[in-house]
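Visitor: build me a model from this:
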Amino acid sequence: MCDADLVFGGDEKAGDPVMCSFCGSTFVLSRAAGADETWEVEEDE
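Guide: Reported below is the predicted structural model:
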């Protein structure tokens, strides 16, 4: 898994794919979060 910080637009939902702009890996958002919570992603297979 890439150690770069993922950038979110804020309108993502659980299940949405997110691409790392640094390494190009694709991740799936497993849990969306609010401003003071942590986002959770899983590496896409």
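
Visitor: so C23: helix, strand or coil?
Guide: Assigned with DSSP: H, G, I helix; E, B strand; the rest coil, C23 falls in the coil class.

Visitor: end-to-end on stretch 14-26?
Guide: 14 Å (CA to CA, to the nearest Å).

Visitor: make residue 1 into 61 and carry on from there
Guide: From this message on, residue numbering opens at 61, which makes the last subject stretch 74-86.

Visitor: distance between that stretch and the chain's centre?
Guide: 6 Å (CA atoms, centre = their mean, to the nearest Å).

Visitor: other residues contacting that stretch?
Guide: Contacts to stretch 74-86, defined as CB atoms under 8 Å, 6 or more residues apart in numbering, come from residues 61-62, 64, 66-68, 72, 87-92, 101, 103-104. Bear in mind the C-beta positions are built from the backbone N, C-alpha and C, glycine included.

Visitor: flag every buried residue along it.
Guide: By 16 or more other CB atoms under 10 Å, the buried positions in stretch 74-86 come out as V78, C80.

Visitor: quick one: mean pLDDT over that stretch.
Guide: Stretch 74-86 carries an average pLDDT of 87.

Visitor: partners of the longest strand along the chain, with directions?
Guide: What stands out as the longest strand in the chain, according to DSSP state E, is strand 86-91. Its sheet considered, strand 86-91 pairs with strand 77-79 (antiparallel), strand 100-103 (antiparallel) by DSSP bridges.

Visitor: distance from the chain centre to it, please.
Guide: 5 Å.

Visitor: buried stuff in that strand?
Guide: F87, L89.

Visitor: then stretch 63-72?
Guide: Neighbour-count burial for stretch 63-72, counted by 16+ other CB under 10 Å, picks out L66, E72.

Visitor: hey, C-alpha coordinates of it in PDB?
Guide: Extracted C-alpha coordinates of stretch 63-72, given in PDB (Å, rounded to 0.1, in the frame of the first residue of the first chain):
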ATOM      1  CA  ASP A  63       2.300   5.800   2.000                       C
ATOM      2  CA  ALA A  64       1.200   8.900   0.200                       C
ATOM      3  CA  ASP A  65      -1.800  10.900   1.500                       C
ATOM      4  CA  LEU A  66      -4.900  10.400  -0.500                       C
ATOM      5  CA  VAL A  67      -6.800  13.500  -1.400                       C
ATOM      6  CA  PHE A  68     -10.600  13.400  -1.100                       C
ATOM      7  CA  GLY A  69     -13.200  15.800  -2.600                       C
ATOM      8  CA  GLY A  70     -15.600  15.300   0.300                       C
ATOM      9  CA  ASP A  71     -18.400  13.800  -1.700                       C
ATOM     10  CA  GLU A  72     -17.200  10.200  -1.800                       C
END
